[in-house]
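Colleague: 3D, please:
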Amino acid sequence: MQHLRKYSAKKMRWQVGDQRSFEHRFTQEQVDAYAKLVGDHNPMHVDPEYTREVLGDAPVVHGMFAASFVSTLIGMYLPGPGALWQSFQVNWRKSIRPGDLIRFDAKVASTHDSTKTIDLEVTGTKVGSGEVCLDGKGRVMIVEKEECKQEEQISLKDQRIIVTGASGELGAAVCRELAGHGARLIALGRNEERLSNLKVELGKIVERTYAFDLKDSNRLAAAVDEVTADGAVFGLVHVAAPSLTNLDVIAPEMAS
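Modeller: Model (predicted):
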């Protein structure tokens, strides 16, 4: 029989300062669907003609609809599946309107091993203008299913790992999985913007990012020199599409 149990103290992998984020673009269709679901048909949300007259602008996204994406953030990203709200306080700073792209961020403010809870600071920021539309704080409990057989959880806590192809979908997914096991990441890829977004998403887990073609052995050697100067490298995960023909540039450095 399965039941829920709290994570043991040794599995509390979140640390103060860890953060995650994701983006969502709101539409009027979503607002109308939410109004139908909860029964809130306030014209401020669903009647463009009314809001043009009283506000001189488009309808306003329901505050609780916007805040529900904070729940998505804790349920899927930080701490992820197994999260349960204990408390949540939110402040609405700026109106969100259909068409707005909002980045939702959560940052660990404190952890409590005895209760298996973490305190989070959350924000919802309008992409482009940088306006903070909502902010708040909350406490989340972390629970998990206990199966009949418990497998030893892999721990890569504070192990430094180089990931190539990190600006691609597969490479980014590998980075997220390694981050979930506590690894410290050095992300290599060809798309600087995607690497930057990955660093924003995963926070300080990503120590360095490098945007260049792996065929450039000089830049690869320089990057490896920088990385190894900061400390030992635990391993390399090669996800980039081209074969890594200049392993001789990396292997001796990692061997030391």
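Colleague: What residues of stretch 216-236 count as buried?
Modeller: Neighbour-count burial for stretch 216-236 flags 219-220, 223-224, 227-228, 233, 236 (criterion: 16 or more other C-beta atoms under 10 Å). Where you see a C-beta, it was placed from the backbone N, CA and C, and this is true even at glycine.
Colleague: check which helix or strand covers residue 16.
Modeller: If you go by DSSP states H and E, residue 16 is not part of any helix or strand.
Colleague: Kindly report the same for residue 72.
Modeller: Under the criterion of DSSP H and E, residue 72 resides in helix 63-76.
Colleague: Export that helix to PDB, keeping only CA atoms.
Modeller: These are the backbone C-alpha positions of helix 63-76, laid out as PDB (Å, rounded to 0.1, in the frame of the first residue of the first chain):
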ATOM      1  CA  GLY A  63      -5.900  38.400  -9.900                       C
ATOM      2  CA  MET A  64      -6.500  34.900  -8.700                       C
ATOM      3  CA  PHE A  65      -6.100  33.500 -12.200                       C
ATOM      4  CA  ALA A  66      -2.700  35.200 -12.500                       C
ATOM      5  CA  ALA A  67      -1.700  34.000  -9.000                       C
ATOM      6  CA  SER A  68      -2.600  30.500  -9.900                       C
ATOM      7  CA  PHE A  69       0.500  30.300 -12.100                       C
ATOM      8  CA  VAL A  70       2.500  30.700  -8.900                       C
ATOM      9  CA  SER A  71       1.000  27.300  -8.000                       C
ATOM     10  CA  THR A  72       2.300  26.000 -11.400                       C
ATOM     11  CA  LEU A  73       5.700  27.300 -10.400                       C
ATOM     12  CA  ILE A  74       5.900  25.500  -7.100                       C
ATOM     13  CA  GLY A  75       4.100  22.400  -8.400                       C
ATOM     14  CA  MET A  76       6.200  21.800 -11.400                       C
END
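Colleague: And for whatever helix or strand comes next after it, what's in contact with it?
Modeller: Next along the chain after helix 63-76, taking DSSP H and E as the criterion, comes strand 83-92. Here strand 83-92 makes contact (C-beta atoms under 8 Å, 6 or more residues apart in numbering) with 63, 66-67, 70-71, 74-75, 117, 122, 133-143.
Colleague: List only buried entries from these.
Modeller: Buried among these by 16+ other C-beta under 10 Å: 66-67, 70, 74-75, 117, 122, 133-142.
Colleague: where's the most far-flung residue of the chain relative to its centre relative to residue 43, distance?
Modeller: Using C-alpha atoms, centre = their mean, the residue of the chain lying farthest from its centre is residue 53. It sits 39.2 Å away. Separation of residue 53 from residue 43 (C-beta to C-beta, to the nearest Å) stands at 10 Å.
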